[in-house]
Every structure is written in structure tokens, then in C-alpha cells.
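1. what would the 3D arrangement of this be:
(one chain, ligands or ions: 1)
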Amino acid sequence: MENKPTTLCSYCRTNPATSVDHVVPRKKDENLTSQNTTPACTHCNFSKRDHVAPKSSPSGYSGEWPRSGGQTSCPFGSRASSCDH
Ligand SMILES: [Zn+2]
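-> Prediction:
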């Protein structure tokens with residue numbers, strides 16, 4: 001039995017995250033810090049691009065979209081030691 005935690009996309013919480021995405025779209029001199037990145041699945045990362053939140057939900061997702069509180073909430077969820085929420 002594997003003990004690897006699966007990081008879910010912070011936008012849809014449905015697909016496993018495949019990359020990190022900038023929470024705040026491109027800022028000058030903004031580094032890829034943990035404060036400004038969030039795990040995102042392929043769909044959401046592509047759908048989001050320069051927007052604040054993905055424009056469309058991934059297939060397989062059901063419920064309201066954008067996910068309630070999903071676009072500005074702490075991307076770290078239970079690992080809240082590194083966020084203000
Ligand atoms: Zn997603």
C-alpha cells in the first residue's frame with residue numbers, strides 16, 4: 001500500500017495536481033514562492049491562464065463553478081502553517 005499523499009488541484013479538488021500555478025497572475029519580479037503558487041491540474045492550469053480562476057470546470061467535476069471559495073482560499077488547506085487563513 002502506497003503512502004504517497006495525493007496533491008489535488010486546488011481549483012477543482014477533483015483531479016490530481018500536475019503542476020504548480022501562480023495564484024496571482026504574473027507579477028514583475030515575482031518568484032515562484034510557496035505563497036504565490038498552488039497545485040493545479042492540467043485542465044485548470046490551462047483553463048485559467050491569465051485569469052483569476054479557471055474558466056471552465058474539468059470533465060468529471062460536478063457542482064458549482066468556480067468552486068466555492070476556490071479561487072482565493074488558502075491553497076494549502078490543512079497544511080495551514082504557511083498561510084494566514
Ligand atoms: Zn483542477
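
2. what parts of the protein come near the ion?
-> 9, 11, 12, 15, 41, 44 (C-beta under 5 Å from the ion). All C-beta spots, glycine's among them, are computed from the backbone N, C-alpha and C.

3. now those residues as JSON lines including pLDDT?
-> As requested, the residues of the chain next to the ion are exported to JSON lines (pLDDT from 0 to 100):
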{"residue": "9", "pLDDT": "92"}
{"residue": "11", "pLDDT": "89"}
{"residue": "12", "pLDDT": "91"}
{"residue": "15", "pLDDT": "94"}
{"residue": "41", "pLDDT": "94"}
{"residue": "44", "pLDDT": "91"}
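
4. show me the two of the residues you listed that sit farthest apart.
-> The span of those, defined through C-beta to C-beta, is set by 11 and 15 at 9.0 Å.

5. where in the protein is pLDDT low?
-> Applying pLDDT under 70 to the chain picks out residues 1-3, 23-35, 68-85.

6. so which residues of it form strands?
-> Taking DSSP state E to define them, one finds strands in the chain at 19-22, 37-40.

7. which one of the ones you listed lies nearest to residue 57?
-> strand 37-40 (13.0 Å).

8. what helices or strands is that closest one leaning on?
-> Applying 3 or more C-beta pairs under 8 Å, 6 or more residues apart in numbering; DSSP states H and E, one finds that strand 37-40 contacts strand 19-22.

9. ok, residue 6 to the ion distance?
-> Using C-beta to the ion, to the nearest Å, one gets 13 Å for the distance from residue 6 to the ion.

10. enumerate every residue touching that residue.
-> The contact partners of residue 6, by C-beta atoms under 8 Å, 6 or more residues apart in numbering, come to residue 16.

11. from what I see, residue 42 and residue 15 are in contact.
-> Yes: with contact defined as C-beta atoms under 8 Å, residue 42 counts as touching residue 15 (7.4 Å).
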